[in-house]
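In: coords please:
(chains A and B)
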Amino acid sequence: QKEVEQDPGPLSVPEGAIVSLNCTYSNSAFQYFMWYRQYSRKGPELLMYTYSSGNKEDGRFTAQVDKSSKYISLFIRDSQPSDSATYLCAMSAKDDKIIFGKGTRLHILP
Amino acid sequence: KAGVTQTPRYLIKTRGQQVTLSCSPISGHRSVSWYQQTPGQGLQFLFEYFSETQRNKGNFPGRFSGRQFSNSRSEMNVSTLELGDSALYLCASSYLADSYNEQFFGPGTRLTVL
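Out: Okay, here's the model as predicted:
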């Protein structure tokens, strides 16, 4: 079983819809959870960071962490064509290396 | 403030050769991490350097090595290149070590091994 699982997509949704992206993980020691966005031919950029469990909201983005289920989510409200990108989840334990999911390709259809 | 810069942006090598990639972090950042990104394996952590010392290392063979200089610039070296080393190599910098919540990525170096 891989440490981090993420559906590669592609996921296509109409503009304005709510997007839900998810990752599952197996290592219960993970306590730092991140979502990155990567546009084609660019490096990833950090979107959201959450420590331990709970929700965090930033504008149209909401990150959720459920440590009991080993499941994290990223919600995008009022999706825009500019949100079309690959979204990578990532996580790490204290003082340990970061592990990334393989990324979900998202297409927002105008 | 200038972002993370990586040189060269594109590189073509043949099997058996070696390659050196360079990364200049954001001014003031002392941590540099290196990653390999491929369609099959995704984004994988190679190693992190902080104040010229390697702090963490991913599961890569010894052909992959790196170093960091006193000005925080970092280089990554891959010896005896294999076809499977073709990938996008990304570096990221942050002010503190293990600061994955505040690391900034460069645009990457696209390495093609023929």
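
In: Could you list the low-pLDDT ranges of the chain?
Out: As the question left the chain open, I've gone with chain A. Counting by pLDDT under 70, the ranges of chain A that qualify are A:1.

In: try chain B instead
Out: Ranges of chain B meeting pLDDT under 70: B:1.

In: Spell out the residue ranges of the strands in it.
Out: All strands of chain B, identified by DSSP state E, fall at B:5-7, B:10-13, B:19-24, B:31-38, B:42-50, B:53-57, B:64-68, B:74-78, B:87-94, B:104-105, B:109-113.

In: With distance to chain A as extra columns, can I get these in a markdown table?
Out: C-betas here are computed from N, CA, C, even on glycine. A markdown table is the format used below for the strands of chain B (distance: least, CB to the nearest CB, whole Å):
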| stretch | distance to chain A |
| --- | --- |
| strand B:5-7 | 8 |
| strand B:10-13 | 11 |
| strand B:19-24 | 11 |
| strand B:31-38 | 8 |
| strand B:42-50 | 4 |
| strand B:53-57 | 5 |
| strand B:64-68 | 14 |
| strand B:74-78 | 15 |
| strand B:87-94 | 5 |
| strand B:104-105 | 3 |
| strand B:109-113 | 9 |
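
In: can you list these in CSV and add mean neighbour count?
Out: Putting the strands of chain B into CSV (neighbours: other CB atoms under 10 Å in any protein chain shown) gives the following:
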stretch, mean neighbour count
strand B:5-7, 16
strand B:10-13, 13
strand B:19-24, 19
strand B:31-38, 24
strand B:42-50, 23
strand B:53-57, 14
strand B:64-68, 19
strand B:74-78, 21
strand B:87-94, 24
strand B:104-105, 20
strand B:109-113, 18
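
In: buried sites along stretch A:10-30?
Out: Going by neighbour count (16 or more other CB atoms under 10 Å in any protein chain shown), the buried part of stretch A:10-30 is A:13, A:19, A:21-25, A:30.

In: Of the strands of chain B, which is nearest A:Trp35?
Out: Checking those against A:Trp35 by CB to CB gives strand B:42-50 as the closest, at 12.8 Å.

In: Parallel or antiparallel, which strands does the closest one pair with?
Out: Strand B:42-50 pairs in its sheet with strand B:31-38 (antiparallel), strand B:53-57 (antiparallel), by DSSP bridges.

In: Could you check the angle the longest one makes with strand B:87-94?
Out: Spelled out, it's strand B:31-38. Put simply, strand B:31-38 runs at 160 degrees to strand B:87-94, going by axes from the mean of the first three to the mean of the last three CA atoms, to 10 degrees.

In: my read: B:Ser27 touches B:Gly3, true?
Out: No - look at B:Ser27 against B:Gly3 with CB atoms under 8 Å: they stay out of range, at 10.0 Å.
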